[in-house]
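A.B. asks: Have a look at this prediction, sequence included:
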Amino acid sequence: MTVEKNIDLKDIITFLDNSLIAVYGEPESVVVRHLRDPEHVDEFTLDWVNPHKPDKQKIAETSRAKVIIVDKEVVFSEILKNQGKVLLVVDNPKLAIAKVGNDFFVEKPIPGIHPSAIIHPDAQIGENVYIGANTTVGKCIIRNDVSIHSNVTLYDNVTVENEVIIHAGSVIGTDGLGCERDKDSVLVKFPHLGGVTISENVEIGANCQIAKGALSNTVIGKGTKINAGCYIAHNVVIGENVWISPHVKITGSVKIKDNATIFTGCVIREQKTIGKGATIGMGSVVTKDVPAGETWVGNPARKLEK
Amino acid sequence: MTVEKNIDLKDIITFLDNSLIAVYGEPESVVVRHLRDPEHVDEFTLDWVNPHKPDKQKIAETSRAKVIIVDKEVVFSEILKNQGKVLLVVDNPKLAIAKVGNDFFVEKPIPGIHPSAIIHPDAQIGENVYIGANTTVGKCIIRNDVSIHSNVTLYDNVTVENEVIIHAGSVIGTDGLGCERDKDSVLVKFPHLGGVTISENVEIGANCQIAKGALSNTVIGKGTKINAGCYIAHNVVIGENVWISPHVKITGSVKIKDNATIFTGCVIREQKTIGKGATIGMGSVVTKDVPAGETWVGNPARKLEK
Amino acid sequence: MTVEKNIDLKDIITFLDNSLIAVYGEPESVVVRHLRDPEHVDEFTLDWVNPHKPDKQKIAETSRAKVIIVDKEVVFSEILKNQGKVLLVVDNPKLAIAKVGNDFFVEKPIPGIHPSAIIHPDAQIGENVYIGANTTVGKCIIRNDVSIHSNVTLYDNVTVENEVIIHAGSVIGTDGLGCERDKDSVLVKFPHLGGVTISENVEIGANCQIAKGALSNTVIGKGTKINAGCYIAHNVVIGENVWISPHVKITGSVKIKDNATIFTGCVIREQKTIGKGATIGMGSVVTKDVPAGETWVGNPARKLEK
């Protein structure tokens, strides 16, 4: 069902390197083949114990895997020793398994531009770039090690920095539809002449829409992850390492500061600021500025008192 | 405006067969040509009387159609007799007209793979499969009698069972973006190594996003209908005959049991369970488990007392 | 960053014509090159003063631009005179800059059908039509001066009137998934045999889904703007100059009257009517008819008393 490999445990130990606190048991000539969910763990699984679980010692001792990533609260008990287990001890096993999974098990697309992709003749495309089938790229700048999946549309004037991933069906650089009504209520669209800047290491989920700025650029900061089906309006400026869950709607000129977390389906009102490290609960409708570090929830959103 | 045919009423009577309670009037050599909305009904319309309307007898007696599908409460009155009408009596006229419409009037796409579709060389494609223009199919298994419309993207590791329909612009098997923050708040994506299973007779609307599982599969059960613009996260398990309205957001590892109904724009929190036959009102934000058969509404959602 | 031109100010004055109340200063042989946001205004910017700002005179007097569009409350002071500025006085500077921007600075796509677009042989395509890469058009009628961007899907039976713009990734004419359950709870889809009518001057944002009517057409009225990611269900009838923000969900058979404004992320319940000129606040869930001219907000939405 999932990816199968043959990976020498020594390579994983080398990779984890200075995040490793200790290794117990005998890691020599051990091979791991896959990551698996708890019900399907076998001898060749690289298993891990979620640090938030209450009964971590017991989870480790009943795992069928030979190799388990654990935190410091799990001890190398007689039971584990007698089972011939190998424990890799780290501060955050979830983080360690994520990093190992991404590096050893996830298959990255092979660089190259699919012949069915349509690239503007004046687009600049860097090295090691993957562009999927039926994707359309306007007059854009694409740096190195970028992956753009299938059926994506990049309008003109989008800059995509190194190591960005854009998933299928997303549309980047489209017009916002901010309007002004004339005397007869006829809608006149405000012109959109700016672009979009997507910084290093950003990942954008499937079927997102990111509008270009009206007169300057819409900006997505370094390391930010935007999940599927989100809308990012004109002139929004998102900081670094912001985590945006699916179907979040961020309206015109909103600012979102570094390390904020916005859960599924929220709406953020135009011109508002979400402070550094703030958290917005799922389904919230934010109509005011949210100060740094606070958690807001509800429709309309209010501060959640602990 | 709508589809025109020449259908012998006898063929419709044969098709309805054991759901027919009675036929009144003279169905011989009657031909019907189309289904129409109430304002445009004419002599050649196959008309029907909604069983929820209060004045069903009068609706039938003032219809311009020769043939009308009704329930048992409509009688073959002198008026109907003198008008030369034909009544087809069934338990649920709405269900009967839907079945007749689908079978006699809806034009199915002609099987075949459009030359502009891009299919992975290792994909397995069954018989009588339609794949539309500019669609991209990864290393997937597609069974028989499947229709995949235009501009769809299937990532690798998606299994599509018999008689599934996937509408345009949908993305199936994309990565979820569940993340873990490291000590510097940098987001590390949890690897997604699973796939997606779409069971028999499922229909998926336009521009949906369905994420693959992290370590096992995301599963959509038999006969379930997912309307346009929905998001289904990693490791969600949806049962049979679940009806999901447009733009519903179902987050990670949620379970939805058979026959549940979820109305437009809801958000369901990760790990929660929606019980068998439960109903979730439009725009609800569900943060708790919902027991079988209950109706919940609001943000946050609460049980609706009758 | 944005578009650069060389435009003779006289041409702009001629274009604004009878919306111009006065011109102060010496417009002869002045050239403007771009529109810019306030931080980047320079001598060659065509600048404007937002009529809603409190300190308009000071904004005009500190602008670095030579030419500024203002309303009647800004006077041609000694300071402006001595700076050699040109003031264009109009009733609504925001409307004027929008119109000038659209006409002089926005680059329209060059008419033509991209070779990768797939057009049904029986589709009727008018004059000056642009159809972007990887777009799929069924048996449809497309009138004149229409722009359809990349990766769009039009199912059969969609009529697109003059000067319509459809952005990337949208799906028009898809099936709704209205269902009837049979005795065993199996979902039977109601057939969709109608189409979609998109009237003159409509603009549809990226990744929208518009369903065809069941037995008649879904209709979008003249001049209406529908922003990105919206869902418009079967048999919805939208009037003229309706402004719909991103990710609005309008369910089956809803009627929206002329000049209404619906903000981001709302859900409108099936069969309801939004009255002429009504306003619905962001994130609202509308479960009742909204009378003309009223403003409703919340979940469920209620009238906002001023």
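C.D. replies: Nice, thanks for sending it over. Numbering: from 1, shown residues only, chains lettered A, B, ... in the order given.
A.B. asks: Flag every residue of the stretch 151-300 of chain A that's near chain B.
C.D. replies: A:151, A:167-169, A:203, A:205-207, A:223-229, A:241, A:243, A:245-247, A:258-259, A:264-265, A:277, A:282-283, A:298-299 (Cβ under 8 Å from any Cβ of the partner chain). Using the backbone N, CA and C atoms, a C-beta is placed for each residue, glycine as well.
A.B. asks: if we look at chain C, which of the residues you listed are close to it?
C.D. replies: Checking these against chain C (Cβ under 8 Å from any Cβ), the matches are A:151, A:169, A:207, A:229, A:247, A:265, A:299.
A.B. asks: Hmm, B:Gln209 and the fourth one touching each other?
C.D. replies: This points to A:Gly229. Yes. The pair A:Gly229 / B:Gln209 is scored as a contact, 5.6 Å apart, by Cβ atoms under 8 Å.
A.B. asks: so what sits against both of those two?
C.D. replies: A:205-207, A:246, B:231 (Cβ atoms under 8 Å, 6 or more residues apart in numbering or on different chains).
A.B. asks: most surrounded residue in those residues?
C.D. replies: Scoring the shared contacts of A:Gly229 and B:Gln209 on neighbours with other Cβ atoms under 10 Å in any protein chain shown, the highest-scoring entry is A:Ala206 at 33 neighbours.
A.B. asks: what sits against A:Tyr130?
C.D. replies: A:Tyr130 makes contact with A:108-113, A:146-148 under the criterion Cβ under 8 Å, 6+ apart.
A.B. asks: Now, those that are in strands?
C.D. replies: Secondary structure from DSSP state E places A:112-113, A:147-148 of those in strands.
A.B. asks: Buried ones among these?
C.D. replies: Buried subset of the ones in strands among the contacts of A:Tyr130 (neighbour count, 16 or more other Cβ atoms under 10 Å in any protein chain shown): A:113, A:147-148.
A.B. asks: Which member of these is positioned nearest B:Val100?
C.D. replies: A:Ile148 (45.6 Å; Cβ to Cβ).
A.B. asks: What count of nearby residues applies to A:Glu305?
C.D. replies: Counted with other Cβ under 10 Å, residues neighbouring A:Glu305 total 6.
A.B. asks: Repeat that for A:Trp48.
C.D. replies: 27.
A.B. asks: if we can go back for a sec, between which two of the contacts of A:Tyr130 is the distance greatest?
C.D. replies: Farthest pair in the contacts of A:Tyr130 (Cβ to Cβ) is A:Lys108 and A:Ile113. Separation: 15.5 Å.
A.B. asks: Which of the ones next to chain C among the residues of the stretch 151-300 of chain A next to chain B sits closest to B:Asp122?
C.D. replies: Nearest to B:Asp122 out of these is A:Asn151 (Cβ to Cβ; 20.2 Å).
A.B. asks: which phi and psi does that closest one have?
C.D. replies: Phi and psi for A:Asn151, reported as degrees, to the nearest 10, are phi 60, psi 30.
A.B. asks: so what pLDDT did it get?
C.D. replies: Per-residue pLDDT puts A:Asn151 at 98.
A.B. asks: any idea how far it is from C:His192?
C.D. replies: Distance from A:Asn151 to C:His192, counting by Cβ to Cβ, to the nearest Å: 24 Å.
A.B. asks: between those two, who's got more neighbours?
C.D. replies: A:Asn151 (33 against 27).
A.B. asks: got the contact list for that one?
C.D. replies: By Cβ under 8 Å, 6+ apart, the contact set of A:Asn151 is A:132-135, A:168-169, B:134, B:136, B:151-153, B:169, B:171, C:134, C:151, C:169.
A.B. asks: In strands only, show me those.
C.D. replies: Checking the contacts of A:Asn151 against DSSP E, those in strands are B:136, B:153, B:171.
A.B. asks: what about the last one, how many neighbours?
C.D. replies: Yep, that's B:Val171 we're talking about. For B:Val171, using other Cβ under 10 Å, the count is 29.
A.B. asks: Excluding chain neighbours, what is closest to whatever residue of the stretch 201-306 of chain A ends up closest to chain B?
C.D. replies: Using Cβ to the nearest Cβ, the closest approach of the stretch 201-306 of chain A to chain B is made by A:Gly283 at 3.4 Å. Among residues not flanking A:Gly283 along the chain, B:Val285 sits closest, at 3.4 Å (Cβ to Cβ, 6 or more residues apart in numbering or on different chains).
A.B. asks: and the closest residue to chain B within the stretch 101-250 of chain A, how many neighbours?
C.D. replies: The stretch 101-250 of chain A approaches chain B most closely through A:Gly101 (3.2 Å), counting by Cβ to the nearest Cβ. Burial of A:Gly101 is recorded as 22 neighbouring residues (other Cβ under 10 Å).
A.B. asks: which residue packs closest to it, ignoring adjacent ones?
C.D. replies: In space, and not counting its chain neighbours, A:Gly101 is closest to B:Pro191: 3.2 Å by Cβ to Cβ, 6+ apart.
A.B. asks: mind listing what the one you found touches?
C.D. replies: With contact set as Cβ under 8 Å, 6+ apart, B:Pro191 has these partners: A:35, A:98, A:101-102, A:105-106, B:214.
A.B. asks: Below-threshold pLDDT in chain A: ranges please.
C.D. replies: Within chain A, the stretches with pLDDT under 70 are A:1-2.
A.B. asks: Just want the most central residue of chain A.
C.D. replies: A:Lys225 (3.6 Å; Cα atoms, centre = their mean).
A.B. asks: The closest residue to A:Gly213 other than its chain neighbours - how many residues pack around it?
C.D. replies: Leaving aside its chain neighbours, A:Gly213 sits nearest to A:Gly194 (2.9 Å; criterion: Cβ to Cβ, 6+ apart). By the criterion of other Cβ under 10 Å, A:Gly194 has 25 neighbours.
A.B. asks: A:Lys306 too?
C.D. replies: Counted with other Cβ under 10 Å, residues neighbouring A:Lys306 total 4.
A.B. asks: Likewise for A:Ile268?
C.D. replies: 27.
A.B. asks: Next up, the contacts around it.
C.D. replies: A:248-251, A:254, A:256, A:262, A:274, A:280, A:286.
A.B. asks: Restricting to the residues you listed, which residues neighbour chain C?
C.D. replies: Near chain C, taking Cβ under 8 Å from any Cβ as the test, the members of those found are A:249, A:251.
A.B. asks: any chance of the contacts of A:Ile268 in JSON lines, plus secondary structure and neighbour count?
C.D. replies: Shown next, in JSON lines, are the contacts of A:Ile268 (DSSP: H, G, I helix; E, B strand; the rest coil; neighbours: other Cβ atoms under 10 Å in any protein chain shown):
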{"residue": "A:Val248", "secondary structure": "coil", "neighbour count": "27"}
{"residue": "A:Lys249", "secondary structure": "strand", "neighbour count": "28"}
{"residue": "A:Ile250", "secondary structure": "strand", "neighbour count": "30"}
{"residue": "A:Thr251", "secondary structure": "coil", "neighbour count": "27"}
{"residue": "A:Val254", "secondary structure": "coil", "neighbour count": "21"}
{"residue": "A:Ile256", "secondary structure": "strand", "neighbour count": "28"}
{"residue": "A:Ile262", "secondary structure": "strand", "neighbour count": "27"}
{"residue": "A:Ile274", "secondary structure": "strand", "neighbour count": "28"}
{"residue": "A:Ile280", "secondary structure": "strand", "neighbour count": "27"}
{"residue": "A:Val286", "secondary structure": "strand", "neighbour count": "28"}
